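Student: Next input, structure requested:
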Amino acid sequence: MAAVAPPSLPNQNKSPSFPARMPAPVVLLQMCNNFQEVRQVHAPLVVSGLIERPINGGRLLQAYVTVSNTNHALSTFDRISDPDVFAYNTMMRGLILGKSPYHALKLYSKLLLDGLKPDNYTYTFVLKACSQVNAHSEAREVHGRMIKAGIAPNTYIHSSLINMYSSSSDGLVCAERVLAGFSEENTHAKNSLISGYLSQGQVESARSMFDNVVAKDDASWSAMVAGYTKNDQGKWIHAYIDRIGARISVTVGTALIDMYAKCGSIEHAYEVFRKMPLKDVVSWGAIISGFAIHGRAEKCFEPLDDMVADGIHPNEVVFVGILSACSHAGYIERGYKYFDQMVHHYGIKPSIEHYGCMVDLLGRAGRLAEAEELVMSMPEEPNSVIWGAFLGACRMHSDVRRGNLAFKHLTELEPMSGDRHKLAGIMFANVGEKETATNIRKIIIDNDMETTRGLSSIEIDGVVQEFVAGTIHHSRHKEIFRMWERVNRLLDIHELRICI
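Tutor: As a prediction, this is how the structure comes out:
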């Protein structure tokens with residue numbers, strides 16, 4: 001789905017201009033660039049009593065949202081005695097940015113219960129939250145409330161409505177009607193509809209809408225690249241871009257790199273990367289992640305050195321790619337080196353993904369004591385991804401004691417995960433604890449837990465043939481087995497001739 005840019009929120013997202021005699025702590029809020037600076041200003045606001053004024057509480061709330069600290073923003077919001085629509089909008093925006101759309105929708109309900117009147121910004125955020133959690137019926141109710149209240153959709157609400165309707169197959173007709181009812185040219189909205197068409201495999205409709213976009217932007221091209229990739233036509237869109245002589249911007253170039261990497265053509269991805277006149281940290285991250293996915297560890301390290309030499313500081317995503325490459329290549333010392341460099345040289349706080357890569361790296365190498373120490377030293381509670389990686393390593397190296405610890409944590413975090421139980425059962429079976437393995441298997445069956453089977457696929461004459469481990473559910477399985485028997489006979493004859 002094409003991303004819809006959030007509204008600039010004049011007098012909402014941007015700090016308002018302050019009168020000349022505004023108290024110093026309030027003025028300083030608009031100058032804060034990070035969490036620590038906001039915290040430092042927060043203290044004098046409390047001491048001076050300025051925080052008791054609702055308008056100042058709203059400004060502090062806005063500052064925390066700006067530096068992406070949702071927890072402190074929520075705490076500030078809860079302390080505002082009588083929050084206005086601005087405070088609600090700001091907090092909803094923070095929750096959406098913090099990947100908590102459900103909480104944003106709950107806040108919208110509270111706004112209505114408080115008797116406040118939603119404005120255009122409110123509806124923009126509510127529709128975005130609905131789209132993120134696929135709450136289509138709720139979004140339709142919001143749309144109906146807007147119509148009933150006589151709200152004239154602005155560009156952003158218009159885009160949000162189309163983005164929401166385009167995210168479901170039965171909503172495309174509604175999305176088309178919303179677009180038809182808006183007289184102004186809206187590139188954002190058309191981009192959303194393009195992504196909607198492509199997500200449902202309607203390539204021709206997407207192409208027609210794309211041709212209808214008067215002012216194509218990077219998002220237009222990126223939507224086409226992503227959508228055509230999903231429909232196995234990624235190379236065609238690249239050829240089309242070259243044929244019409246369109247400028248490959250940083251955004252479009254990055255989308256092409258990602259497309260080729262995911263399609264298994266890392267060389268084409270690197271060719272696009274080399275030809276890009278301008279590159280940002282996302283472009284560098286895309287090619288590094290691409291090499292990591294393809295197991296080309298050494299090729300990951302070269303771009304990292306080059307981007308640093310160009311004065312571009314690597315971000316969190318870049319180091320996920322680097323650490324992942326170290327993990328798959330078994331480069332333990334390099335992994336430690338880059339993890340330490342990320343933390344102490346670049347000041348990046350390790351995320352769950354970074355810890356996961358390190359646990360996987362140490363686990364694959366059999367250094368389970370170090371992996372366990374790292375898990376236990378994490379500043380936040382390890383999630384199921386971390387414990388899952390650790391359990392996988394314990395199974396691989398038959399460490400039942402540590403594996404049992406990981407399994408206990410996983411049963412608390414994901415009690416109904418068939419795959420976690422299956423992995424633990426295999427671990428116990430491998431070390432001869434058949435009774436425990438049998439009990440786990442019984443738990444899976446009794447609780448009707450779903451487990452993932454191994455799957456492979458091959459494309460023949462444009463048709464994808466899938467094969468699932470442990471099953472023969474294929475329309476042509478009899479032909480396949482006959483061919484397999486024939487191949488075996490030919491191999492037996494060949495071996496006999498060699499012996500003779």
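
Student: which other residues reach the strand or helix carrying residue 142?
Tutor: Using DSSP states H and E, the element containing residue 142 is helix 136-149. Here helix 136-149 makes contact (Cβ atoms under 8 Å, 6 or more residues apart in numbering) with 105, 118, 123, 126-127, 130-131, 153, 157, 161, 164-165, 167-168, 171. The way it works is simple: take the backbone N, C-alpha and C, and place the C-beta from them, glycine included.

Student: from these, which single one is nearest residue 471?
Tutor: Closest approach between the contacts of helix 136-149 and residue 471, by Cβ to Cβ: residue 168, at 31.1 Å.

Student: about what we covered before: quick check: which helices or strands does the next helix or strand after the helix holding residue 142 pack against?
Tutor: Using DSSP H and E, the helix or strand that follows helix 136-149 in sequence is helix 155-166. Packing partners of helix 155-166 (3 or more Cβ pairs under 8 Å, 6 or more residues apart in numbering; DSSP states H and E): helix 120-132, helix 136-149, helix 172-180, helix 187-199.

Student: hmm, 7 Å instead?
Tutor: helix 120-132, helix 172-180, helix 187-199 (3 or more Cβ pairs under 7 Å, 6 or more residues apart in numbering; DSSP states H and E).

Student: Quick one: closest of those to residue 395.
Tutor: Here helix 120-132 is closest among those (Cβ to Cβ), at 35.2 Å.

Student: and that closest one, how far out from the chain's middle?
Tutor: The chain centre lies 19 Å from the centre of helix 120-132; the measure is Cα atoms, centre = their mean, to the nearest Å.

Student: on that earlier part again, when you filter the contacts of helix 136-149 down to buried only, what's left?
Tutor: The neighbour count (16 or more other Cβ atoms under 10 Å) marks 105, 118, 123, 126-127, 130-131, 153, 157, 161, 164-165, 167-168, 171 as buried among those.

Student: farthest-separated two in those residues?
Tutor: The distance between the two most remote of those (Cβ to Cβ) is 23.3 Å, for 118 and 168.

Student: if we can go back for a sec, mind listing what's buried in the helix holding residue 142?
Tutor: Neighbour-count burial for helix 136-149 [16+ other Cβ under 10 Å]: 136, 138-140, 142-143, 146.

Student: That one: how far from the chain's middle?
Tutor: 28 Å.

Student: what mean pLDDT does stretch 209-226 have?
Tutor: Averaging pLDDT along stretch 209-226 gives 78.

Student: What's the end-to-end length of it?
Tutor: Using Cα to Cα, to the nearest Å, one end of stretch 209-226 lies 15 Å from the other.

Student: Over to stretch 238-250?
Tutor: For stretch 238-250, the first-to-last residue distance is 14 Å (Cα to Cα).

Student: And for stretch 242-251?
Tutor: 16 Å.

Student: quick revisit: out of the buried residues of helix 136-149, flag the one nearest to residue 66.
Tutor: Proximity of the buried residues of helix 136-149 to residue 66 (Cβ to Cβ) peaks at residue 142, which lies at 26.0 Å.

Student: can you tell me how far that closest one sits from residue 152?
Tutor: Counting by Cβ to Cβ, to the nearest Å, the gap from residue 142 to residue 152 is 15 Å.

Student: And residue 105, by the same measure?
Tutor: 23 Å.

Student: Run through the neighbouring helices and strands of the helix or strand harbouring residue 72.
Tutor: According to DSSP H and E, residue 72 maps onto helix 70-78. Packing contacts for helix 70-78, counted by 3+ Cβ pairs under 7 Å, 6+ apart, involve helix 54-66, helix 85-97.

Student: any chance of the ones you listed in a markdown table, plus mean neighbour count?
Tutor: Compiled in a markdown table, the helices and strands packed on helix 70-78 are given as follows (neighbours: other Cβ atoms under 10 Å):
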| stretch | mean neighbour count |
| --- | --- |
| helix 54-66 | 23 |
| helix 85-97 | 24 |
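
Student: thinking again about what came up before, mind giving me a markdown table with the helices and strands packed on helix 155-166 and columns for distance to residue 489?
Tutor: Converted to a markdown table, those look like this (distance: least, Cβ to Cβ, whole Å):
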| stretch | distance to residue 489 |
| --- | --- |
| helix 120-132 | 56 |
| helix 172-180 | 53 |
| helix 187-199 | 47 |
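
Student: nearest to residue 67, of those?
Tutor: Residue 67 lies closest to helix 120-132 among the helices and strands packed on helix 155-166, at 18.7 Å (Cβ to Cβ).
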